[in-house]
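J.: got a sequence here, can you model it:
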Amino acid sequence: MLIGLTGGIGSGKTTIANALRERGYEVYDTDSAAKRLVMTSPVRQAIENLLGEDVYDGDRYISSKVAQRVFANAGLLQQLNDIIHPVVRQDLKQTAQEHNKGLLFVESAILYESGFDLECDYIIAVIAPKPLRIARTMARDNKTEEQVKSRIKAQMSNCQLRHRADYVVENNGKMTVTQLVDKLMRHLRKKNFITQ
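T.: The predicted model follows:
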């Protein structure tokens, strides 16, 4: 059983994912997988062909340099995604096959945009009010308000996520992370996705 966990920047998706890990659940993080896979030979070569060899510094992928180039150019971003998403999706499939504990969470900010949702049996969206997302991201990433707003604008809206997800975690600051995850666990038990 694959359960997708998605949410925009500053929503608290990763905080929820970490809380699930602390409870002993396996979480496949598509961002971490992508960072690992961009260093593999065929993927690296394709990215260098697209963006230039200077986006790598020896054995380091310079994501800030990549972001500068692709976020200002939708066509270039799509080409980069067309390189990375298929290999992450294949890695996810392989991980799911090797995973025999029954339940695997798939954390991805771009679950729908990347097509990873098609691999999932059930999808949870973490949403939060825009002002709270902006404040959280500015504090965490040392970004300006305009930079954060630009990232939010490029992602699916709370309304879209609410409409498409099977379950929504409202991370608006009214409940602690523990309370949110307890509520999520009760929901998943009711659905018979988990037993303990």
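J.: just the pLDDT at T30, thanks.
T.: Looking at T30, its pLDDT stands at 96.
J.: I'd guessed it sits against S108; true?
T.: Yes - the criterion here is CB atoms under 8 Å, and T30 meets it with S108 at 4.0 Å. For every residue, glycine as well, the C-beta is placed using N, CA and C.
J.: between these two, which contacts overlap?
T.: Residues touching both T30 and S108 by CB atoms under 8 Å, 6 or more residues apart in numbering: 114, 116.
J.: for the residue nearest the centre of the chain, give its distance to H187.
T.: Centroid-nearest residue in the chain, with CA atoms, centre = their mean: S108, separated by 1.9 Å. For S108, the distance to H187 (CB to CB, to the nearest Å) stands at 20 Å.
J.: state the distance from V38 to N18.
T.: In this view, V38 and N18 are 23 Å apart by CB to CB.
J.: equivalent analysis for G7, please.
T.: Distance from G7 to N18, by CB to CB: 13 Å.
J.: circling back: higher neighbour count, V38 and N18?
T.: For V38 versus N18, the count of surrounding residues by other CB atoms under 10 Å is larger for V38: 21 against 15.
J.: the more buried one and Y61 touch, don't they?
T.: Yes - counting by CB under 8 Å, V38 does reach Y61; the two are 4.9 Å apart.
J.: shared neighbours of those two, anything?
T.: Residues touching both V38 and Y61 by CB under 8 Å, 6+ apart: 44, 47.
J.: which of the helices or strands spans V169?
T.: V169 is located in strand 167-170, with elements delineated by DSSP states H and E.
J.: pull up the pairing partners for that strand, direction included.
T.: Paired strands of strand 167-170, with direction, are strand 122-127 (parallel) (DSSP bridges).
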